[in-house]
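Asks: Sequence plus predicted model, see below.
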Amino acid sequence: MSFTVAIVGRPNVGKSTLFNRLLEQRKAIVDDISGVTRDRQYGVAEWNGKTFNVIDTGGFVPQSEDIFETEIRKQVRIAIDEADCLIFMTDAAIGITDLDDSMADVLRRSSKPVLLTVNKVDNNERLLSGSEFYSLGFEHVFFVSSMSGSGTGELLDAVTALITTDESEETERQGELPKIAIIGQPNVGKSSLLNALIGQERTIVSDIAGTTRDTIHTHYNLFNKEFILIDTAGIRKKNKEKDDLEFYSVIRAIRAMDEADICLLMLDAAKGITAQDVNIFSLAARKGKGLVVLVNKWDLLEKSTNTARDYEKQLKEKIAPFTDVPVIFISAKEKTRIFKVIEVALEVFENKTRKIPTSKLNDVMLKAIEAYHAPVVRGHAVKIKFVTQLPTVVPSFAFFANFPDDIKMPYKNYLENQLRQNFKLSGVPVRIFFRKK
Ligand code: GDP
Ligand code: GDP
């Protein structure tokens, strides 16, 4: 799943209202950018059984008219470059503005499908006045009310009709090589690590184009282990202007993430983990990706005996509740522990793909359940009788119980902790389901 839809439009037309509607209960990640922009949001939407990424490109809070216009145009261009489909949102209550016109100019020239969406069509009157938007010259025009949801179904139908590859996320892929992506903010050292690994030239088997035009898959053979490193084109062939834009780097990170089994989230040791890193981390976890945190530029820090331990502790407080994740302190520049990175990434891949035999799973987990029962609810005892691992890409466990709906979050957390303590699941998000038996 790596189809990406970007919602563009001037401020206040209703982009984030639509965004929230597309995501429904699914949690968005909000990227809080200081200064001129307001929050930018990323998330995963589902419609007609298809999932896709949605980006609300946010809006620039006007500082001065011309900065505003240049910034918005820049953002539209990036969205055109990076997304597979654009929702160009306008406001029926206001009508066509100069800024709409100038954004339309840029968007008309794109080769990507543009779905012109006239928002705030809350009543028939607005529908009539909204027809002026046909004059912007787009083939696809949708009249919606993001607030009430009317018309958004047709819009979503149009989006999902564009998604041709419907790779089911939940089915097992066997015999495929582990795919590893290095993600992180600009300048943390991603390309330095890649170059340090690529420096071992004999290890490269071949470069294969990724499934999206922006990624390169490099086939490696190290320690007699084969794997694929997913590299976004922007990492090796630097385009400085674009790389400096975090928006660009985030979209790239999400694309690489979608194609990967394991994500190596790289941080700059001196800067620590930022709010955006935490967002990317939790997005990867929600997408069921294996995770390893790399603290790079460790050479630059003054260290005493407990530095790494304390650093890891603080880092884990930030990424909680999912803290069962390997953290490696490296220096890409001095090539310290760079092979350890690959070793650990492959361990996480093993953890993620290992199938726990049902008998062993029940042996261990039924004992843990016996030691600490699910709380009694409305006078009846909740009994879990059997557990099995489901054949899914993201390790998932189904617990069969007499009253599955009465098992609450704290007990679910207890079961997850027990799974983690007894089976190697480091770096792996797991899913737990309760079913009726
Ligand atoms: P953004 O800046 O483009 O993300 O716009 P917001 O989503 O923040 O919405 C701007 C304002 O328009 C808010 O006050 C929303 O409640 C309002 N709004 C959004 N969608 C609709 C709609 O369909 N109808 C009406 N009447 N108001 C809407
Ligand atoms: P990217 O944008 O994440 O790909 O980052 P780069 O690999 O281009 O690195 C950004 C800067 O950090 C460059 O000047 C690198 O030389 C420097 N750098 C990368 N890794 C390390 C490291 O481990 N230690 C130090 N001291 N500098 C590093």
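Replies: That came in fine, so what should we check first? Numbering: from 1, shown residues only. Ligands and ions are numbered 1, 2, ... in the order given.
Asks: Show me which residues of the stretch 51-200 of the chain sit near ligand 1.
Replies: Within the stretch 51-200 of the chain, the positions adjacent to ligand 1 are G59, N119, K120, D122, S145, S146, M147 by CB under 6 Å from any ligand atom. To be clear about C-beta, it is placed using only N, CA and C from the backbone, and glycine gets the same treatment.
Asks: Going by residue numbers, what spans are helices in the stretch 151-300 of the chain?
Replies: Assignment of helices within the stretch 151-300 of the chain using DSSP state H, counting those that start in this stretch yields the ranges 152-161, 190-198, 233-236, 240-243, 246-259, 275-286.
Asks: Break the protein down into its domains, please.
Replies: 4-161, 171-353, 358-436 (automatic domain parsing).
Asks: And R420, which helix or strand is it part of?
Replies: Applying DSSP states H and E as the criterion places R420 in helix 409-422.
Asks: I'd like to know which elements that helix is packed against.
Replies: With contacts taken as 3 or more CB pairs under 8 Å, 6 or more residues apart in numbering; DSSP states H and E, helix 409-422 sits against helix 358-371, strand 396-401, strand 431-436.
Asks: which of those sits most buried?
Replies: Sort the helices and strands packed on helix 409-422 by mean neighbour count, taking mean count of other CB atoms under 10 Å, and strand 396-401 sits at the top with a mean of 19.
Asks: In JSON lines: the domains of the chain, plus mean pLDDT.
Replies: Formatted as JSON lines, those follow (pLDDT from 0 to 100):
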{"stretch": "domain 4-161", "mean pLDDT": "81"}
{"stretch": "domain 171-353", "mean pLDDT": "81"}
{"stretch": "domain 358-436", "mean pLDDT": "93"}
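Asks: and the ones you listed as TSV, adding distance to ligand 2?
Replies: Shown next, in TSV, are the domains of the chain (distance: least, CB to the nearest ligand atom, whole Å):
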stretch	distance to ligand 2
domain 4-161	17
domain 171-353	3
domain 358-436	21
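Asks: Show me the longest helix that occurs in the chain.
Replies: If each helix of the chain is counted by residues according to DSSP state H, the longest one is helix 65-82.
Asks: Now do it: distance to the chain's middle.
Replies: Taking CA atoms, centre = their mean, to the nearest Å, one finds helix 65-82 lying 23 Å from the centre of the chain it belongs to.
Asks: Stretch 108-121 now?
Replies: On CA atoms, centre = their mean, the centre of stretch 108-121 falls 24 Å from that of its chain.
Asks: Equivalent analysis for stretch 398-410, please.
Replies: 28 Å.
Asks: do the same with stretch 148-160
Replies: Here stretch 148-160 shows a centroid-to-chain-centroid distance of 23 Å under the convention CA atoms, centre = their mean.
Asks: Alpha carbons of it, as CSV, please.
Replies: The C-alpha coordinates for stretch 148-160 follow below in CSV (Å, rounded to 0.1, in the frame of the first residue of the first chain):
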residue,chain,number,x,y,z
SER,A,148,-21.9,16.7,7.1
GLY,A,149,-20.1,14.1,4.8
SER,A,150,-22.5,14.6,1.9
GLY,A,151,-20.8,13.9,-1.4
THR,A,152,-17.7,12.5,0.2
GLY,A,153,-18.6,9.0,-0.8
GLU,A,154,-18.4,9.8,-4.5
LEU,A,155,-15.1,11.5,-4.0
LEU,A,156,-13.7,8.5,-2.2
ASP,A,157,-15.1,6.2,-5.0
ALA,A,158,-13.1,8.3,-7.5
VAL,A,159,-10.0,8.1,-5.4
THR,A,160,-10.2,4.3,-4.9
